[in-house]
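Participant: attaching a predicted model along with its sequence, questions to come.
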Amino acid sequence: MAEKIIAAHSPQATDVAQDAIFVDLLRCTGCWTCSLSCMTGNKLKDGQHFVDVRTLGSGEGIDRPAGTWPDLHMSWMPVYSKACVKCESRTSEGELPYCVKNCPNKALAYGPEAVAEKMAAARARGARIFALPAWERSKDGIIYASADREIL
Ligand code: SF4
Ligand code: SF4
């Protein structure tokens, strides 16, 4: 059974924190570069990671699509753990967090202006804006846009 994205609420521009991170699920290809660049940049120990890139597919493991051939579908969702420090040492110097800077698909954005701009663009294309519920125990201030896109 496909995993479901469950929204706690739909953040507005006024909810965007100073250290907010925006994740556009339409652009995410599940490459794990965000997580790996965090591991390298923050010198994490082997096996330690602050971002877990979930596969939203059949629920039977990584990169297993939902559906029946030829109607298969799969997407990905980077989930930030509480251990994420939002790269404070970098952002205080005006640099982007490692994950945001290195995402090859521009799926991530950081900071109130960039996040508010991306939220508005995502809403305009028909995406839902949401944050994960508290029971996920993920990092606060991570705002997602669904992969939905209205067909114009
Ligand atoms: S957010 Fe970017 S870097 Fe992370 S898995 Fe998605 S596409 Fe890759
Ligand atoms: S914001 Fe910094 S600490 Fe948090 S996941 Fe991204 S790279 Fe790692």
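Facilitator: All right, it came through fine. Ligands and ions are numbered 1, 2, ... in the order given.

Participant: now stretch 106-126: buried residues?
Facilitator: Residues 107, 108, 109, 110, 111, 114, 115, 116, 118, 119, 122 are the ones in stretch 106-126 that count as buried (16 or more other CB atoms under 10 Å). For the C-beta atoms, the positions are set from N, CA and C on the backbone; glycine is no exception.

Participant: could you dump those to CSV with distance to ligand 2, pLDDT and secondary structure?
Facilitator: Supplementary listing: the buried residues of stretch 106-126 in CSV, determined by distance: CB to the nearest ligand atom, whole Å; pLDDT from 0 to 100; DSSP: H, G, I helix; E, B strand; the rest coil:
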residue, distance to ligand 2, pLDDT, secondary structure
107, 12, 98, coil
108, 8, 98, strand
109, 12, 98, strand
110, 8, 98, strand
111, 11, 96, coil
114, 14, 97, helix
115, 13, 96, helix
116, 18, 95, helix
118, 16, 96, helix
119, 18, 95, helix
122, 20, 96, helix
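
Participant: list just the nearest of those residues to residue 137.
Facilitator: Proximity of the buried residues of stretch 106-126 to residue 137 was ranked by CB to CB; the top entry is residue 108 with 20.5 Å.

Participant: what are the ranges of the helices in the chain?
Facilitator: 33-41, 88-91, 98-102, 112-124 (DSSP state H).

Participant: and the last one, is it in reach of ligand 1?
Facilitator: No. Counting by CB under 6 Å from any ligand atom, no contacts exist between helix 112-124 and ligand 1, the nearest distance being 12.7 Å.

Participant: what sits up against that helix?
Facilitator: With CB atoms under 8 Å, 6 or more residues apart in numbering as the contact definition, helix 112-124 has outside contacts at 11, 13, 16-18, 20-22, 24, 26, 109, 129, 143, 145.

Participant: residue nearest the centroid of this protein?
Facilitator: residue 23 (3.5 Å; CA atoms, centre = their mean).

Participant: contacts only, for that residue.
Facilitator: Remark: with contacts taken as CB under 8 Å, 6+ apart, residue 23 is in contact with 77, 78, 107, 108, 142, 143, 144, 145.
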